[in-house]
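Enquirer: Take a look and give me a structure for this.
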Amino acid sequence: MDGRTDEFFMLRCIHLATLGAGKVAPNPMVGAVLVHEGRIIGEGFHRVYGQAHAEVNCVNSVKDADRHLIPAATMYVSLEPCAHYGKTPPCANLIVAEKIPEVVIGCVDTFSAVAGKGIAILENAGVKVRTGILEAECRELNNRFFTFHEQKRPYIILKWAECQAGYMGTEDGHPVRISNEYSDRVVHRWRSEESSILVGSRTAVMDNPRLNNRLWTGKNPLRIVIDPQHKVPHTHHLYDESQPTFFFTGHTLTQLMKELHEKGILSVLVEGGAATLHRFIAEELWDEARVIRGAITLPGGLPAPRLKHAKLTTEISLEGDHIFTYHREQ
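Expert: All right, here's what the predicted structure looks like:
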């Protein structure tokens, strides 16, 4: 098939993969389609961690009337098929067993248990393999997964709200409602998609937050509180045992990242106050920043952080609020 056709089917894989957001970690999001003479005869994605992978769901979705076409079809998959026994058997072996003659892969898996081994299984069995179709997009799809395995730390997202004048609160640090109810729901959706959410002790004490995603469906993230001096009262919500909570009592972000990597935490949504956000920015420990600019204007107050080496990638409007997404330039 030509390049444009390959990209068309790989885009479908990427779209399917996103349907598993927030449900498959620590596994990557993966989508797969099975194509025979330009027609999709099967498609699937990794739905839930510990359950069938995208390739399995793709093959299983093929109707009985089309199953005889599988040995003449091409499978498109956004990430290299796995080659190891984990919660499920290797997908590369399934492809060989189904006699699928060609596999088109978006990007290679850098996880050490795979890292080219899936491709080797396929090629050794005589399967034609092509890679690098929409590679950048496929890597972006699983930026959390790749950051975790390549940089040995979670993917870090900074989040704050600021007014039109660039203030995120009063000078004495008391919270001010800046974003609207629609943006609040978006934030709770973000929480449902990440492994953890983090605040500093000052925010924990003054705001007494729950740090859950009660305005959205899905699993609540791990709550992380940086509290080396044990300032958070045990009567606060963060001690209510409603969801897993980790109180970090160390003193360096490097140590925190190491511990989170050891715990298998793929991503962190940092919703701390100005001091915590500045700390991550100063140490260049961030990958993405999401800034909500509300419709209100404060006459003065606590200045919001300012990013360095940041590229604006998206901007959306939401009933008067504007949400900006930045990525750190390497």
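
Enquirer: Show me the shaky parts of the stretch 201-330 of the chain.
Expert: For the stretch 201-330 of the chain, applying pLDDT under 70 flags no range at all.

Enquirer: can you pull out the helices in it?
Expert: For the stretch 201-330 of the chain, the helices defined by DSSP state H, counting those that start in this stretch occupy 201-207, 253-262, 274-282.

Enquirer: Please verify my assumption that residue 138 contacts residue 79.
Expert: Yes: if you go by Cβ atoms under 8 Å, residue 138 and residue 79 touch, sitting 6.5 Å apart. C-beta here means a position set from N, CA and C on the backbone, and glycine is covered the same way.

Enquirer: Could you grab the helix/strand/coil label for the most centrally placed residue in the chain?
Expert: Central residue of the chain (Cα atoms, centre = their mean): residue 144, 5.0 Å from the mean position. Assigned by DSSP: H, G, I helix; E, B strand; the rest coil, the conformation of residue 144 is helix.

Enquirer: circling back to that earlier point, relative to residue 52, which of the helices of the stretch 201-330 of the chain is closest?
Expert: Of all these, helix 253-262 sits nearest to residue 52, with 27.2 Å by Cβ to Cβ.

Enquirer: Please enumerate residues in contact with that closest one?
Expert: 148, 152-154, 196, 224, 226, 248, 250, 268, 279-280, 283, 285 (Cβ atoms under 8 Å, 6 or more residues apart in numbering).

Enquirer: Which pair of those residues spans the longest distance?
Expert: It's 148 and 279 that sit farthest apart of the contacts of helix 253-262, by Cβ to Cβ, at 21.0 Å.

Enquirer: out of those two, which sits in the more crowded spot?
Expert: residue 148 (24 against 17; other Cβ atoms under 10 Å).

Enquirer: ok, now which ones touch the closest residue to the more buried one other than its chain neighbours?
Expert: Excluding the flanking residues, the one nearest residue 148 by Cβ to Cβ, 6 or more residues apart in numbering is residue 266, at 4.8 Å. Contact analysis of residue 266 by Cβ under 8 Å, 6+ apart lists 25, 26, 144, 145, 147, 148, 154, 155, 195.

Enquirer: can you check residue 92 too?
Expert: Here residue 92 is in contact with 81, 82, 83, 117, 118, 119, 121, 122 (Cβ under 8 Å, 6+ apart).

Enquirer: Which element, helix or strand, includes the closest residue to the fourth one other than its chain neighbours?
Expert: With Cβ to Cβ, 6+ apart as the measure, residue 83 is the residue that lies nearest to residue 117, at 3.7 Å, once sequence neighbours are left out. Secondary structure assigned from DSSP states H and E places residue 83 in neither a helix nor a strand.

Enquirer: What about residue 83, how many residues nearby?
Expert: Residue 83 has 20 nearby residues by other Cβ under 10 Å.

Enquirer: need the contact list for it.
Expert: 90, 92, 113, 114, 117, 118, 120, 121.

Enquirer: sorry, back to before: which residue of residue 138 and residue 79 possesses the greater neighbour count?
Expert: A direct count of neighbours by other Cβ under 10 Å for residue 138 and residue 79 places residue 79 higher, at 32 against 27.

Enquirer: The nearest residue to residue 315 once chain neighbours are set aside: neighbouring residues, count only.
Expert: Spatial nearest neighbour of residue 315, excluding adjacent residues (Cβ to Cβ, 6+ apart): residue 324 at 5.3 Å. Residue 324: 16 surrounding residues under other Cβ under 10 Å.

Enquirer: what's across from residue 324 in the sheet?
Expert: Residue 324 has these beta-bridge partners by DSSP bridges: residue 291, residue 315.

Enquirer: Am I right that it is in contact with residue 311?
Expert: No: if you go by Cβ under 8 Å, residue 324 and residue 311 don't touch, sitting 11.1 Å apart.

Enquirer: contacting residues around the residue nearest to residue 70 when sequence neighbours are not counted?
Expert: Nearest-residue entry for residue 70: residue 98, 5.4 Å, with adjacent residues in sequence omitted and distances by Cβ to Cβ, 6+ apart. Counting by Cβ under 8 Å, 6+ apart, residue 98 touches 59, 70, 71.

Enquirer: Just send those back as CSV, with secondary structure, distance to residue 242 and pLDDT too.
Expert: Formatted as CSV, those follow (DSSP: H, G, I helix; E, B strand; the rest coil; distance: Cβ to Cβ, whole Å; pLDDT from 0 to 100):
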residue, secondary structure, distance to residue 242, pLDDT
59, helix, 40, 97
70, helix, 47, 98
71, helix, 51, 98
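
Enquirer: Closest one of these to residue 169?
Expert: Closest to residue 169, out of all of the contacts of residue 98 and judged by Cβ to Cβ, is residue 59, at 52.9 Å.

Enquirer: What's the separation between that closest one and residue 108?
Expert: 22 Å (Cβ to Cβ, to the nearest Å).

Enquirer: Tell me which of these two has more neighbours.
Expert: residue 59 (24 against 18).

Enquirer: what element comes up after whichever strand or helix holds residue 92 heading to the C-terminus?
Expert: Residue 92 belongs to helix 91-97 when assigned by DSSP H and E. Next in sequence after helix 91-97, counting helices and strands by DSSP H and E, comes strand 102-107.
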